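Trainee: take a look and give me a structure for this.
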Amino acid sequence: ADLPPDSSYFSFVCEDTKHNQLFEQLVLDLLNFCIQHIEPEKRFLAVVNRVASWGDLLSKSGGGLTKLGAIGLMTELHFLEKEWLYNGHQIDTWLGPTGAPQDFYDEGIIVELKSRTPDNIIQVSSLEQLDSNLGMYLVAYQAIVHEEGESVNDCVARICDTLPDSKKLVFMDLVTKTGFVREKNFKGSILVKDGDAYLIDENFPAIQVGDINGITSASYTVDLSIAPSSIESVGSIHEK
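Mentor: Sure thing, here's the model as predicted:
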């Protein structure tokens, strides 16, 4: 590259040839994103943040979302776009990719997102995830591989294009933390539908911290069909 004399630069080198294809894709994706969406003075920080996310991701999984991971992300993106951003919340109140106990938290509204099976079953990954003391909601969608759906790659690109430039980097950093690597994810079309909201209170079938003496962590499944009295429309959580 021809650079002016007063320019500074840094480089990345892939020393393992078996990773060349993935490395090239990641670098080209980053460069394209920076050129199109980020002011020049912010590009260095964007690179540092993204490479750190890539390093953490690749050390664990080799890169890209599996079918199950893509379904989980599409469920969160559906709610993020159709309900959360639509009702005026900011992109950085999407906390799921950061490892927070719940996926969305803003102005006293706390929401955990789940993909449910056709039998109305969800998987709860921790004791803190469904906390009856928070006045929080569980929102569950059915997400299936279907030709009328959208691929996770296309969905991420489309949502990013709708955001103001100041929010695009925040969004892409959050998406990267989920394991998303452009062109390395599950490629099928995923349809997200049939959403319901559940108020998490003492009547909802969830294990709370302290319910069982000595149990400090747990993951378990919940049959949502036994909690019909908790069902509300997804939009109603913003009307409380």
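
Trainee: pLDDT wise, what is residue 140 at?
Mentor: Residue 140 is assigned 97 on the pLDDT scale.

Trainee: state the distance from it to residue 234.
Mentor: Distance of residue 140 to residue 234, given as CB to CB, to the nearest Å: 9 Å. C-beta: built from backbone N, CA, C; applies to glycine.

Trainee: higher neighbour count, these two?
Mentor: Taking neighbours as other CB atoms under 10 Å, residue 140 and residue 234 compare with residue 140 leading, 24 against 18.

Trainee: for the helix or strand where the more buried one lies, packing partners?
Mentor: In the assignment (DSSP states H and E), residue 140 maps to strand 137-150. Contacts defined by 3 or more CB pairs under 8 Å, 6 or more residues apart in numbering; DSSP states H and E place strand 137-150 against helix 67-79, strand 109-116, strand 190-199.

Trainee: the last one to strand 137-150, inter-axis angle?
Mentor: Using axes from the mean of the first three to the mean of the last three CA atoms, to 10 degrees, the inter-axis angle of strand 190-199 relative to strand 137-150 is 170 degrees.

Trainee: show residues contacting strand 190-199.
Mentor: 70-71, 74-75, 78-79, 135, 137-146, 148-152, 204, 224, 227, 230-234, 236-237 (CB atoms under 8 Å, 6 or more residues apart in numbering).

Trainee: excluding chain neighbours, what is closest to residue 124?
Mentor: Using CB to CB, 6 or more residues apart in numbering and skipping the chain neighbours, the partner closest in space to residue 124 is residue 220 (5.5 Å).

Trainee: my read: residue 103 touches residue 114, true?
Mentor: No: checked against CB atoms under 8 Å, the pair residue 103 and residue 114 is beyond contact range at 9.0 Å.
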